[in-house]
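*Asks:* Sequence plus predicted model, see below.
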Amino acid sequence: MPTTGWWEKLWPDPAAVLASVGLRPGMDAVDLCSGDGWFTLEIAKIARNVTAIDIDPHLLEVTRRRLAGGGVKNFQLVEADAYELAKRVTEHADFVFMANVFHGVPDRTRLAAVVRRVLRPGGYFAVINWQQRPREETVILGEPRGPKTELRISPETTIQAAEAGGLKLAQLVDLPPYHYGVVLQRPNS
């Protein structure tokens, strides 16, 4: 997990990133594979409620401290594997967010289907991924960062996996300098 300084350099305005991929005030949201809560805090400031889910209890503790320091109280922290999402989040969400993780999911279509079950009809799944560029070109604080080049996936690969899981493309967003966002929607029917 990158250090906070690394995240601050990469994502200096997390609220703008979240707005660009569809998070709106009053939504019930999930930060899936939330890591240290860098985006979770901003989601909590915008959404009605946020559930942060991560498999690592130590990162959830970092998230708890970050959220407490940010003065927000509209959150739940859940230690779970991403595939357990539908078992652990019993109320439908308007928005599920996942940053810098989808490329490493072993069964992306299965995960998309799980997210679909959690979303309200018309709800959104926003996936932020590293652009499919060589790692040595994605330099942050003087060092190549992000997943190995061979692990990076194209927007088309992300979309294909999510659509096979029952979601539909709503929007593709460029997130300079090194990312893209795929916003998918659960159909109303």
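*Replies:* Right, received. Where do you want to start?

*Asks:* The residue located most distally from the centre of the chain and Leu111, how far apart?
*Replies:* Distance from the centre of the chain peaks at Gly142, with 25.1 Å (CA atoms, centre = their mean). In this view, Gly142 and Leu111 are 33 Å apart by CB to CB, to the nearest Å. Where C-beta positions appear, they are placed from N, C-alpha and C, glycine not excepted.

*Asks:* cool, Lys168 as well?
*Replies:* Applying CB to CB, the value for Lys168 to Leu111 is 16 Å.

*Asks:* next one: Glu79
*Replies:* Glu79 sits 17 Å away from Leu111, going by CB to CB.

*Asks:* what about Lys168 and Leu111, which has more around it?
*Replies:* Legend: neighbour count by other CB atoms under 10 Å for Lys168 and Leu111, higher for Leu111 (24 against 11).

*Asks:* In CSV, could you pull the C-alpha coordinates for the helix-or-strand element of the chain with minimal mean pLDDT?
*Replies:* Least confident element among the helices and strands of the chain, by mean pLDDT, DSSP states H and E: helix 4-10 (a mean of 77). Taking Å, rounded to 0.1, in the frame of the first residue of the first chain, the C-alpha atoms of helix 4-10 are listed here in CSV:
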residue,chain,number,x,y,z
THR,A,4,-0.1,8.9,2.3
GLY,A,5,2.3,11.3,0.6
TRP,A,6,2.2,9.1,-2.5
TRP,A,7,-1.6,9.2,-2.6
GLU,A,8,-1.7,13.0,-2.0
LYS,A,9,0.6,13.5,-5.0
LEU,A,10,-1.4,11.1,-7.2
